[in-house]
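*Asks:* Here is the input, now give the coordinates:
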Amino acid sequence: MADAFISYRRKPSATLALLVQEKLKNPHGIDAYVDVTRTDSTRVQFPQRLMQAIADAPTFICLLGEGTLESEWVLKEIQRAYELGKHCIPVFQESYIPPTQEDEAVNYLLSFDGVHIFDIKNVLVDQSIAQIASLVPQAPQSRSRWRSRIGVVLALLTVFIVFIGALLIALSGNQPPVVGTTPSTTTAVAQGLSEATTPEATVTVSGLATADTRTEIALNLPTPTIDVQATVLARQGQAIAETATQHILDLAATATASTPTPVVDVEATINAALTGTSQSLTQIAEWTPTRSPMEAALERARNFSGGNEDWEPFEWDFDGVPMMLVPVGCFEMGENGEGGRQCHEEPFWIDKYEVTNAEYERFVAAGGYENPDYWTDAGWAWKQENEINGPEDNEDLTAPDQPRVGVSWYEAVAYANWRGGRLPTEAEWEYAARGPDGWLYPWGNEWSGDNAVWSGNSGSRTAEVGSRPAGTSWVGALDMSGNVWEWVSSLYLSYPYDTEDVRDNMDAQGNRMLRGGSWGSLRDYERAVYRREFNPYSRLYSFGFRVVRPPSS
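*Replies:* Here you go, the predicted model:
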């Protein structure tokens with residue numbers, strides 16, 4: 001039996017389904033069932049076999065790409081998983097489009113913790129599949145150990161119930177049984193008192209079907225006489241054994257699907273069977289679902305309600321780029337609150353460092369300047385008109401770990417899109433720098449020149465990113481004051497900051513905002529509240545940026 005069933009639509013998920021199946025098996029040791037289709041889309045498996053495979057597998061994994069939820073077959077498989085109450089893992093591909101219509105089974109699938117997998121760019125695949133593996137409730141090795149334990153329990157339970165069967169017969173009379181039966185004699189009792197004679201022992205049960213029925217169990221007594229009432233009692237004992245055994249087997253099937261290492265209380269099982277209660281098996285199992293560190297951190301971020309010093313920074317690597325988690329919360333925007341109270345109801349990720357030359361070079365090498373899909377319409381027109389094929393370089397500022405400068409707002413947007421993220425809004429940037437306590441600088445309310453790369457110590461050039469760890473913000477982001485000005489997505493518009501106006505429209509025309517100061521700035525410009533506007537095609541050597549992305553990616 002497979003550990004998981006993988007549901008998918010041939011287009012766009014056939015290749016990904018086989019990749020997930022292979023990587024779940026090695027190195028994670030999880031067997032996943034994948035239905036195979038021929039190139040002409042003819043199904044190899046019969047529908048009933050598919051439905052049975054879903055029933056057999058403890059976990060239902062669904063690959064969700066563009067058009068997946070328009071597939072009749074996929075919807076049938078999701079419906080089957082819903083009807084059986086299966087543990088589900090939705091896997092969101094980069095091309096996934098949410099459903100437009102409500103469906104109870106689909107909603108059930110989407111209610112489970114999911115995994116995002118960048119199948120188009122083919123990045124973070126191993127990390128994503130490791131996360132899928134962590135969401136499968138139980139590893140095969142644990143199940144094997146558990147099945148061994150069930151085997152032991154079954155053996156012990158069988159012996160115990162056989163003893164109870166004999167005890168029932170004995171209790172039907174007024175005198176206690178004579179102790180001394182051999183294993184062969186006991187087995188005969190459990191089988192309903194059919195003939196059981198060995199060279200060493202003979203079972204004799206005598207008495208009439210009355211209230212005064214007497215039962216004797218002794219050794220070496222010839223000519224057995226069968227008491228009808230005692231026989232009935234024995235067969236009731238056998239029925240109890242069969243019923244309890246079936247409950248054990250049912251428990252095995254259920255527990256294999258959802259719980260690791262159950263502990264069966266045998267005494268409670270027998271008591272329940274003897275008293276005729278419907279609960280003929282007591283299962284005692286303690287299990288806490290395994291969550292990845294990211295899932296635990298996201299839950300903490302969504303429930304956060306404290307101040308700057310209450311948040312414990314959390315870092316996660318996205319395709320080689322470290323990002324910091326920014327929790328939910330509110331703050332007063334602007335130095336004196338003139339920007340208004342801004343609330344972030346969903347956490348988000350922000351780059352730990354400003355984008356470096358090495359990271360930006362990957363975008364250039366991947367054809368980022370040749371693919372209009374990453375660019376805004378205005379940015380692509382500007383690039384084409386000015387024959388822009390790469391960033392503006394300065395030979396003193398091109399070390400791999402120095403921040404990327406000489407890029408316009410248009411180029412920063414294109415890079416962020418290529419990364420699967422975007423530029424932060426002005427409100428997001430300021431919240432990540434200042435926090436709910438509204439610090440004036442990323443590290444607090446007091447200026448310290450050693451915490452930033454600025455005109456007083458820079459030597460008129462950028463420094464390697466992260467070179468001032470004492471200036472780390474409350475979420476763990478570095479260089480949010482100094483080193484380079486950072487492009488944000490927002491247009492320059494006056495305060496109060498309004499999330500409903502045009503300022504965060506990526507296609508709107510006008511100057512865009514820069515935040516954070518740079519290597520050439522005076523102390524006053526290093527404040528996290530300072531705002532600077534510039535035309536979006538400017539490519540100065542003091543302009544850089546960082547990227548954000550939503551929590552689900």
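
*Asks:* And what about Ser490, helix, strand or coil?
*Replies:* With DSSP: H, G, I helix; E, B strand; the rest coil as the basis, Ser490 sits in strand.

*Asks:* which ones are touching Ala53?
*Replies:* Ala53 makes contact with Ala2, Phe5, Tyr33, Asp35, Gln45 under the criterion C-beta atoms under 8 Å, 6 or more residues apart in numbering. (Each C-beta comes from the backbone N, C-alpha and C, glycine too.)

*Asks:* Top of those residues by number of neighbours, please.
*Replies:* Within the contacts of Ala53, most neighbours by other C-beta atoms under 10 Å means Phe5, with 24 neighbours.

*Asks:* did I read that right, Ala414 in a strand?
*Replies:* No - read with three-state DSSP, Ala414 is helix and lies in no strand.

*Asks:* on that earlier part again, Trp485: which of the contacts of Ala53 is nearest?
*Replies:* For the contacts of Ala53, the closest approach to Trp485 (C-beta to C-beta) belongs to Phe5, at 51.6 Å.

*Asks:* unless I'm mixing things up, Gln21 is touching Val34, no?
*Replies:* Yes - counting by C-beta atoms under 8 Å, Val34 is a contact partner of Gln21 at 4.8 Å.

*Asks:* Mind listing the shared neighbours of the two?
*Replies:* Residues touching both Gln21 and Val34 by C-beta under 8 Å, 6+ apart: Ile6.

*Asks:* circling back: which of the contacts of Ala53 has the weakest pLDDT?
*Replies:* The lowest pLDDT within the contacts of Ala53 belongs to Gln45, which sits at 47.

*Asks:* circling back: tell me the one of the contacts of Ala53 nearest Val326?
*Replies:* The closest of those to Val326 turns out to be Phe5 (C-beta to C-beta; 36.5 Å).

*Asks:* Can you get me a residue count around the residue nearest to Glu104 when sequence neighbours are not counted?
*Replies:* Closest residue in space to Glu104, ignoring its immediate chain neighbours: Tyr82 at 7.1 Å, by C-beta to C-beta, 6 or more residues apart in numbering. Tyr82 has 18 neighbouring residues, counting by other C-beta under 10 Å.

*Asks:* Straight-line length of stretch 462-471, end to end?
*Replies:* 16 Å (C-alpha to C-alpha, to the nearest Å).

*Asks:* Show me what counts as buried in it.
*Replies:* Thr462, Ala463, Glu464, Val465, Gly466, Ser467, Arg468, Gly471 (16 or more other C-beta atoms under 10 Å).

*Asks:* One more: stretch 530-539?
*Replies:* So stretch 530-539, judged by 16+ other C-beta under 10 Å, has buried residues Tyr530, Arg531, Arg532, Phe534, Pro536, Tyr537, Ser538.

*Asks:* Contacts for that stretch, please.
*Replies:* Applying C-beta under 8 Å, 6+ apart, the contact partners of stretch 530-539 are 378-379, 382, 386, 391-392, 406-411, 426, 485, 492, 511-517, 524-525, 540, 543.

*Asks:* picking that back up, as JSON lines, the contacts of Ala53 with secondary structure and distance to Ser13 would be great.
*Replies:* Formatted as JSON lines, the contacts of Ala53 follow (DSSP: H, G, I helix; E, B strand; the rest coil; distance: C-beta to C-beta, whole Å):
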{"residue": "Ala2", "secondary structure": "coil", "distance to Ser13": "18"}
{"residue": "Phe5", "secondary structure": "strand", "distance to Ser13": "14"}
{"residue": "Tyr33", "secondary structure": "strand", "distance to Ser13": "15"}
{"residue": "Asp35", "secondary structure": "coil", "distance to Ser13": "12"}
{"residue": "Gln45", "secondary structure": "coil", "distance to Ser13": "17"}
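
*Asks:* can you list those in CSV and add distance to Arg362?
*Replies:* Putting the contacts of Ala53 into CSV (distance: C-beta to C-beta, whole Å) gives the following:
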residue, distance to Arg362
Ala2, 38
Phe5, 37
Tyr33, 37
Asp35, 37
Gln45, 42
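
*Asks:* So which of the residues you listed is the closest to Asp437?
*Replies:* Closest to Asp437, out of all of those and judged by C-beta to C-beta, is Phe5, at 48.6 Å.

*Asks:* give me the number of residues near the nearest residue to the closest one once chain neighbours are set aside?
*Replies:* Distance criterion C-beta to C-beta, 6+ apart; nearest residue to Phe5, sequence neighbours excluded, is Ala57 at 4.0 Å. Residue neighbour count, defined by other C-beta under 10 Å, stands at 23 for Ala57.

*Asks:* Next, the contact list for Ala57, please.
*Replies:* Ala57 neighbours (C-beta under 8 Å, 6+ apart): Met1, Ala2, Asp3, Ala4, Phe5, Tyr33, Lys86.

*Asks:* can you pull the contacts of the last one?
*Replies:* The contact partners of Lys86, taken as C-beta under 8 Å, 6+ apart, are Ile54, Ala57, Pro58, Thr59, Phe60, Ala257.

*Asks:* in terms of contact, does the first one touch Ile78 like I think?
*Replies:* No - the pair Ile54 and Ile78 fails to qualify as a contact (C-beta under 8 Å) at a distance of 9.5 Å.

*Asks:* re earlier: pipe the buried residues of stretch 530-539 into a markdown table and attach secondary structure and distance to Gly476 per row.
*Replies:* Formatted as a markdown table, those follow (three-state DSSP; distance: C-beta to C-beta, whole Å):
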| residue | secondary structure | distance to Gly476 |
| --- | --- | --- |
| Tyr530 | coil | 22 |
| Arg531 | strand | 24 |
| Arg532 | strand | 24 |
| Phe534 | strand | 28 |
| Pro536 | coil | 29 |
| Tyr537 | coil | 32 |
| Ser538 | coil | 29 |
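
*Asks:* tell me the two of those that are most distant?
*Replies:* Farthest pair in the buried residues of stretch 530-539 (C-beta to C-beta) is Tyr530 and Tyr537. Separation: 22.3 Å.

*Asks:* returning to that earlier point: in strands, which of the contacts of Lys86 appear?
*Replies:* Among the contacts of Lys86, DSSP state E puts Thr59, Phe60 in strands.

*Asks:* which of the contacts of Lys86 count as buried?
*Replies:* Among the contacts of Lys86, the ones that count as buried by 16+ other C-beta under 10 Å are Ile54, Ala57, Pro58, Thr59, Phe60, Ala257.

*Asks:* got a pLDDT number for the last one?
*Replies:* The reference is to Ala257. In this model, Ala257 is scored at 42, pLDDT.

*Asks:* With the fourth one instead?
*Replies:* Looking at Thr59, its pLDDT stands at 96.

*Asks:* thinking again about what came up before, tell me the one of the buried residues of stretch 462-471 nearest Pro327?
*Replies:* Gly471 (20.3 Å).

*Asks:* My guess is the closest one contacts Trp447. True?
*Replies:* No - using C-beta under 8 Å, Gly471 makes no contact with Trp447, being 10.9 Å away.

*Asks:* what sits against the closest residue in space to Asp507 that isn't next to it in sequence?
*Replies:* The shortest distance from Asp507 to any non-neighbouring residue, by C-beta to C-beta, 6+ apart, is to Thr376 (6.1 Å). Going by C-beta under 8 Å, 6+ apart, Thr376 touches Tyr410, Val413, Ala414, Met506, Asp507.
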